[in-house]
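> what follows is a predicted structure for the sequence shown.
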Amino acid sequence: MLFCDLETYSDCPISCGAYRYAEDPTTEVLLWGYAIGKEPARVWDVTSGEPMPQDLASALASLKRGEGFVCWHNGFNFDTTVLRLSRNPAVRINIPRKCIVDTMHIAYQHGLPGALGDLSQIYGLSKDVAKDKDGKRLVQLFCKPHSYGRDDPSPVRYDAKSRPEEWKRFVNYCRLDVEAERALFKKLPRFNLTPAERRLQLLDDEINRRGMLMDVDLARKAIELLNEKAAASRARTQEMTGGAVGSATQTQALRAFLKEQYGLDLPNLQKQEIARLLDSGEIPEPVNELLRIRLSSAKASVKKYQSIIDCTNTDHRLRGGLQFRGAARTGRWSGRLFQPQNLPRQTLSPEEVDERIAEAMDGSLADFSLDLEGDLAQCIRGAITVPHGKKMVVADYSNIEGRVLAWTAGEDWKLDAFRKYDLLRAVDGGVIQVQDRPRMSIRIQRDKKGSPVHVGHDLYKLTYSRAFNCDVEKVTKPQRQMGKVLELAMGYGGGVGAFVTFARGYGVNLADMAKSLEGSIPASVLEEAEKLYEWARENKRLGGLSREVWIACDSVKRLWRNANTGIVRLWQKAGDGCIKALREGRRVMISERCGIFAEMRGSWLLLRLPSGRFLCYPAARAEEDGAAFSYLGMNQYTRKWGRINTFGGKIVENIIQATACDVLSSALFRVNDAGYKPILTVHDEVLTEAPDSPDFNHLNMEGLMAQAPEWGAGLPLAADGFDSYRYHK
């Protein structure tokens, strides 16, 4: 095994991504640290002009022949990309992908953080191999340009000649990185290093190398329009405040001005607080205008346009936008650079978005738009496009988490509902399955809006009718909305708080809901909710809700649980199973039909998924404070490594989301092999480039995605997609 690490220089910031960084003409390899097998780590100073050491050259020659492996930390993304695109013939090498081992990927595959320094601390590496604390300073010193200051902004570069003593420490830092990487490789777990994972890892690298074509012209025009609007907003803010506030983004100055001039002592100027004030109708118009300027200037989504400019290659493709197994608990893909996983919610139709894009390009959008920032945020998805001769074929799984949850928990009534709903009503009275429709010459019945008519009932209507024991045919639109909120909020053990969060998000008026439910809630359910209300009141857990609203929310929670007893049992089995595995050190089955079990291996609690992959919880231990167990992980709020408590519902959420990810992963291979080349995944959605011909279409791709994997027998799947030349929702 060959272990390697590079130190590089570039005028291009590393924040622009490895592919843009590697392509930059100023990028060069400074140091190449390496270790062969158990031999001490060495460093080749590339800047010295000395040829590549013979032992390193021999090891690389073996790799070219497909013999052996080379281990890097973040090597798939960064180091091998820099070498492959290097302008220096001495280091330009295209290492076969099958020979690459990536310790960062191994860490992510097992729920650990990716940074080498973090991993060194977690594993308590001895001081001589731990990440050199002075390393960050040395990297900043030698790996990027510097300027003397405002008086002399010309860049200066430090090297071995200008800083010889620090360069020696820099070389040693590179050596220590290799030693730390090798030590970590020996210590990192191997639970998920399977052939199936390796195959997916290589497909992920293929997708990242392919990248996605970005409409750079749109991004540039959007930035131009936004800069013009920002200048006008600054001028208007200064005019309205007499120069007291230079820009609406100056939070403290704006708060002070509003307090002094209008007596408004605002706790903050966050989006929610501003929206509340604007809706109140109780503030004077000058304040309204200032707050509207503040609200538009604070929209972060439009900053993605600058990321497009910064991170795309010269061929206008943005590469490296996905992080393999980046979501620690579930192994889902996470976003990088352009952050495609958290694009603004699209509320306009695709046709309306196309109009906005055309207007942005000719400059007319700024003339009539009432919300320029909002309109441009709506266009961001459309910046992902395809080259001439190609089309974008997209398909998104339909309620995949709900389907996987019902399948795992054995909620057969819900599985039957999904299967029936996946059937489409045909004009001649026949029935056709969604996944088979590309191969059937039959016309599908459609409603007045052109949507296909389904044989089965809508799940959200069915959920409401089952919870309230009423005729599904008589479920009203508001009642269906409540059914939707219940399905989205309750699946992972959520209570009143979860229901309220989703209800507000979907526009359900809680007071009206509580009133509409009077007389329809069974007395036994109402009595239980009233008892829990008293406990919540005494423990100050009401969340500002009135007694009637709180009891109504808790009641519908109970009605949903009564209608989904299999899911409720799954929460209990997941929590109890993990505790038994921890305390008794034996394998405990959680879902026999899906092959899900918990077991301990050393200090790791493992949850085996239906696919055979493991969810990994390091340093797990049973707790006595109501949590099922705790483990060490990265706190999503503090971003620090520490102990995290979990419970049955959360464990089930991890299992379901991870299984849904495995479903999508299995479909990626079928899609890719059929000629639909994936360029991105966004949650449960796959974006592809395909030839612009009728043979390639979303109906066929939906069929490919709706095939259950070998381990998913009985799991009903459906996908919905579209063909386009731009991405949209």
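Received it, and whenever you're ready, just let me know what you need.
> for the stretch 451-600 of the chain, which segments count as helices?
Applying DSSP state H, counting those that start in this stretch to the stretch 451-600 of the chain gives helices spanning 459-468, 477-490, 496-505, 510-516, 523-538, 547-563, 565-584.
> which helices and strands does the last one pack with?
Counting by 3 or more C-beta pairs under 8 Å, 6 or more residues apart in numbering; DSSP states H and E, the packing neighbours recorded for helix 565-584 are helix 400-409, strand 588-591, strand 596-601, strand 604-608, strand 621-622, strand 629-634, helix 648-673. Just so you know, the C-beta spots here come from the backbone N, C-alpha and C atoms, and that holds for glycine as well.
> ok, now with 6 Å
Helix 565-584 sits against helix 400-409, strand 588-591, strand 596-601, strand 621-622, helix 648-673, with contacts defined as 3 or more C-beta pairs under 6 Å, 6 or more residues apart in numbering; DSSP states H and E.
> got the contact list for the shortest one?
Right, strand 621-622. Applying C-beta atoms under 6 Å, 6 or more residues apart in numbering, the contact partners of strand 621-622 are I579, L582, R583, F629, S630.
> give the contact list for the third one.
By C-beta under 6 Å, 6+ apart, the contact list for R583 reads A622.
> hmm, 10 Å instead?
By C-beta atoms under 10 Å, 6 or more residues apart in numbering, R583 lies in contact with M600, R621, A622, F629.
> what's the answer for the fourth one, then?
For F629, the contacting residues are 575, 578-579, 581-583, 598, 605, 617, 620-623, 644-647, 651, by C-beta under 10 Å, 6+ apart.
> quick one on the thing from earlier: make a markdown table from the helices and strands packed on helix 565-584 and add distance to Y506, mean pLDDT and mean neighbour count to it.
Conversion of the helices and strands packed on helix 565-584 to a markdown table gives the following (distance: least, C-beta to C-beta, whole Å; pLDDT from 0 to 100; neighbours: other C-beta atoms under 10 Å):
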| stretch | distance to Y506 | mean pLDDT | mean neighbour count |
| --- | --- | --- | --- |
| helix 400-409 | 15 | 96 | 24 |
| strand 588-591 | 30 | 96 | 19 |
| strand 596-601 | 31 | 97 | 20 |
| strand 621-622 | 37 | 93 | 14 |
| helix 648-673 | 20 | 97 | 22 |
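> out of the ones you listed, flag the one nearest V46.
The closest of the helices and strands packed on helix 565-584 to V46 is helix 648-673. By C-beta to C-beta, the value is 36.7 Å.
> can you check what angle separates that closest one from strand 596-601?
Counting by axes from the mean of the first three to the mean of the last three C-alpha atoms, to 10 degrees, helix 648-673 lies at 100 degrees to strand 596-601.
> tell me what angle helix 648-673 forms with helix 477-490.
Put simply, helix 648-673 runs at 100 degrees to helix 477-490, going by the same axes, to 10 degrees.
> give the next helix or strand downstream of helix 648-673.
Counting by DSSP states H and E, the element after helix 648-673 in chain order, helix or strand, is strand 677-682.
> SS state for F722?
Here F722 is recorded as strand under DSSP: H, G, I helix; E, B strand; the rest coil.
> verify the contact between it and H728 for me.
Yes. Under the criterion of C-beta atoms under 10 Å, F722 makes contact with H728 at 7.7 Å.
> pretty sure V101 is in a strand, no?
Yes. When three-state DSSP is applied, V101 is found to be in a strand.
> does it touch F76 like I think?
Yes. In terms of C-beta under 10 Å, V101 counts as a neighbour of F76; the distance is 9.4 Å.
> which one's more surrounded, these two?
In terms of neighbours (other C-beta atoms under 10 Å), F76 is the more surrounded of V101 and F76; the figures are 23 against 20.
> these two touch, right, the more buried one and R198?
No. Applying C-beta under 10 Å as the test, F76 and R198 come out as separate, 11.8 Å apart.
> common neighbours of the two, please.
With C-beta under 10 Å, 6+ apart, F76 and R198 have common neighbours V101, H105.
> re earlier: please render the helices and strands packed on helix 565-584 as a markdown table that adds distance to I309 to the earlier fields.
Shown next, in a markdown table, are these (distance: least, C-beta to C-beta, whole Å):
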| stretch | distance to I309 |
| --- | --- |
| helix 400-409 | 34 |
| strand 588-591 | 48 |
| strand 596-601 | 45 |
| strand 621-622 | 48 |
| helix 648-673 | 29 |
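> to G497, which of the ones you listed lies closest?
Closest to G497 of the helices and strands packed on helix 565-584 is helix 648-673 (C-beta to C-beta; 12.5 Å).
> domain map for this protein?
The record assigns the chain these domain ranges, following automatic domain parsing: 2-188, 216-315, 459-563.
> mean pLDDT lowest for which of the ones you listed?
For these, mean pLDDT drops lowest on domain 216-315, to a mean of 84.
> off-centre distance for stretch 97-105?
Between the centre of stretch 97-105 and the centre of its chain there are 22 Å (C-alpha atoms, centre = their mean, to the nearest Å).
> could you do stretch 398-406 as well?
Distance of stretch 398-406 from the chain centroid (C-alpha atoms, centre = their mean) equals 18 Å.
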